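In: How does the following fold in three dimensions:
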Amino acid sequence: MAKKGKKYRDAVERIDRDRLYPPKAGFDLLKEVDRSNYDATVECAMRLGIDPRKADQMVRGAVGLPHGIGKSVTVAVVASGDKATEARDAGADHVGDDDLIERLSAGELVDELDSIIATPDLMGKLGRLGKSLGPRGLMPNPKSGTVTMDVGKAVEQIKAGRVEYRADRNGNVHAVLGKASFTTEQLVDNYSALLDEILRQRPSAAKGRYVRSVAVSTSTSPSVPLDPARTRDLTEGERS
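Out: Alright, predicted model coming up:
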């Protein structure tokens, strides 16, 4: 493992590992310890009290962030006829049916795409690409709203900042919250939207504490632990 630089070590020393920060204080601190020379991505990791190996405890979906994620999003739509026209009118970057599926099968476009939307009637053909699209998080899924006949609305929502999330095999959910250039208030708003969605998706079979830990970080900073029990009044709480 590469040795961390002095700036990173100094940032680590500023974070009290024995404290769970209120969201506002946590994001204030994160912006202070981020020393990247570019507009770094802010990410959130939540550890949930679930067993993802059980079908009735999978947590997966999508949520619209009120302030977006701070980057342009490239969307492809697998659709035909009027639905293809609807997708283009909504601002989809790539639209097609068999021709688009063949391009994706050949490995074209996948590196530049952030999301793929498909109408249900074409999922049978697109489904055979699961091994290549799945690991990239690009395979459309009804739970995330990317398998739909309302392709125009789906394109608009994704372009506006909707993010998909899915618990991994260890029960962790990772999601982008925006950019380091966002204000603390914007980051708290986006975090609040994600947290509300995760709480809404709590499986009935999940026992004990549901959100067990939360940490936020930029792509170059150490993580700041947030108080997972803080679900209201997220803009309150100063750092002492």
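In: quick check, Ala175 in a helix?
Out: No: going by DSSP: H, G, I helix; E, B strand; the rest coil, the assignment for Ala175 is strand, not a helix.
In: For whichever strand or helix holds Glu164, give me every contacting residue.
Out: Applying DSSP states H and E as the criterion places Glu164 in strand 162-166. If you take C-beta atoms under 8 Å, 6 or more residues apart in numbering as the criterion, strand 162-166 is touched by 58-65, 69, 115, 137, 144-146, 173-176, 194, 197-198. Heads up, the C-betas are built off the backbone N, CA and C, glycines and all.
In: For ChimeraX, what selects the buried ones among those residues?
Out: Per 16 or more other C-beta atoms under 10 Å, the buried members of those correspond to this ChimeraX selection:
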select :58,59,61,62,63,65,69,115,144,145,146,173,175,176,194,197,198
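In: List the ones among the contacts of strand 162-166 that fall in strands.
Out: Of these, the ones assigned to strands by DSSP state E are 60-64, 115, 173-176.
In: about what we covered before: ok, the strand holding Glu164: who's next to it in the sheet?
Out: Here strand 162-166 is paired, per DSSP bridges, with strand 60-64 (antiparallel).
In: Identify the residue nearest the geometric centre of the chain.
Out: In the chain, the residue lying closest to the centroid (C-alpha atoms, centre = their mean) is Ala175, at 3.1 Å.
In: any idea how far Ala84 is from that one?
Out: Ala175 is 30 Å from Ala84, where distance means C-beta to C-beta, to the nearest Å.
In: Just give me the closest of the ones in strands among the contacts of strand 162-166 to Lys31.
Out: Val176 (15.9 Å; C-beta to C-beta).
In: In space, what's closest to that closest one - neighbours in sequence excluded?
Out: Excluding the flanking residues, the one nearest Val176 by C-beta to C-beta, 6 or more residues apart in numbering is Ile69, at 5.1 Å.
In: Mind listing what's buried along stretch 38-46?
Out: Buried residues in stretch 38-46, counted by 16+ other C-beta under 10 Å: 40-44, 46.
In: For it, C-alpha coordinates in PDB please.
Out: Coordinates of each C-alpha in stretch 38-46 appear next as PDB, following Å, rounded to 0.1, in the frame of the first residue of the first chain:
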ATOM      1  CA  TYR A  38      -9.400  19.800  -8.100                       C
ATOM      2  CA  ASP A  39     -13.100  19.600  -7.400                       C
ATOM      3  CA  ALA A  40     -13.200  16.200  -5.700                       C
ATOM      4  CA  THR A  41     -16.300  14.000  -5.500                       C
ATOM      5  CA  VAL A  42     -18.000  13.700  -2.100                       C
ATOM      6  CA  GLU A  43     -19.100  10.100  -1.300                       C
ATOM      7  CA  CYS A  44     -21.100   8.600   1.500                       C
ATOM      8  CA  ALA A  45     -20.800   5.000   2.900                       C
ATOM      9  CA  MET A  46     -23.400   3.500   5.100                       C
END
